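*Asks:* Have a look; sequence and predicted model below, questions after that.
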Amino acid sequence: MPSRRPLRWLRWIVAGVAAVAVLAVGGTYVYIHFIEGPAPAPLGLKATRGDVATPPGQPGQSASAGPLAGTWRVTSGSLAGYRVKEVLLGQNNIAVGRTSHVKGDLTINGTTVTAAAFTVAMATIHSDQSQRDAQFDGRIMDVATYPTGTFTLSRPVSLAPVPAAGVVKTYTATGKLTLHGHTRQVTFGLKAERTGGKIEVSGSIPVPFADYGIGNPSFGSFVTTQNHGILEFLMNFSRS
């Protein structure tokens, strides 16, 4: 009678592989949902007196204390970074990386933002995973070759009618976004609020990776991502 030992070994091997797969997926689920915890909430303003859309063509009238005109500079508390949906061994996850190394300013003439320019040091953007950061700094964004990301406003933004202090208002901005050595024109929504002599602005910009020559962040079959991410920001301004 032929030996059945090879068949038994095959069954053990198959069972072992299946067990490893279950442990890998199960371990990943436990890590993402119970150990790592949920991703940070999107950057945004906390409305104190509601959200007001900008009516087109209306004259400026401000209930806020003090004039808006002048130069406003980015101050402490400002953040910028990315948000990307990823699948880690079959488990949905959201990768978030941020930095406080944001510089720039905006100029307001009357009730119109006439100029704005901002710079982010790409190598300072960090997530909660050192392995992810190494991929971001290297093959994905190549921060040694492209050390900064920039945005320059290319169309004026009317703030009129200027809302009262503490009221969050929605605007639309258009400008040039430069990432990974590629520059594209982008138009996006943002929200702004003026409180205590400061201006706070938040928003997000969709970033299709191919438009900026960014390689898809997917890493084999271990980590897969969408073909785009979100650039999000929260900026605090004080008068220069």
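*Replies:* Ah, there it is. Numbers count the residues shown, from 1 in each chain.

*Asks:* So which residues make contact with the lengthiest strand in the chain?
*Replies:* In the chain, assigned by DSSP state E, the strand with the most residues is strand 182-195. When contacts are defined by Cβ atoms under 8 Å, 6 or more residues apart in numbering, strand 182-195 is touched by residues 44-45, 47-48, 51, 64, 68, 154, 159, 162-163, 165-177, 199-206, 211-213. C-beta: built from backbone N, CA, C; applies to glycine.

*Asks:* what's the distance between Pro206 and Thr174?
*Replies:* Using Cβ to Cβ, to the nearest Å, Pro206 is found at 14 Å from Thr174.

*Asks:* can you check Asp211 too?
*Replies:* As judged by Cβ to Cβ, Asp211 and Thr174 stand 16 Å apart.

*Asks:* Domain ranges for this structure, per the record?
*Replies:* According to automatic domain parsing, the chain comprises the domains 1-37, 42-239.

*Asks:* any idea which of those is most buried?
*Replies:* Greatest average neighbour count among the domains of the chain goes to domain 42-239 (a mean of 16), per mean count of other Cβ atoms under 10 Å.

*Asks:* Now do that domain, average pLDDT.
*Replies:* When pLDDT is averaged over domain 42-239, the result is 88.

*Asks:* Ends of it, what's the gap?
*Replies:* End-to-end distance for domain 42-239: 26 Å, by Cα to Cα, to the nearest Å.

*Asks:* ok, now stretch 158-167?
*Replies:* Stretch 158-167: ends 16 Å apart by Cα to Cα.

*Asks:* what distance separates that stretch from the centre of its chain?
*Replies:* Distance of stretch 158-167 from the chain centroid (Cα atoms, centre = their mean, to the nearest Å) equals 26 Å.

*Asks:* Make residue 1 into 46 and carry on from there
*Replies:* All right, first residue 46 from here; so that's stretch 203-212.

*Asks:* What are the boundaries of the strands in this protein?
*Replies:* With DSSP E as the criterion, the chain has strands spanning 96-98, 115-119, 124-133, 136-144, 147-154, 157-166, 193-198, 202-203, 213-224, 227-240, 243-253, 268-270, 273-284.

*Asks:* do you know which of those strands lies nearest Asp178?
*Replies:* strand 136-144 (7.1 Å; Cβ to Cβ).

*Asks:* what is Leu198 paired to in the beta sheet?
*Replies:* Gly220 (DSSP bridges).
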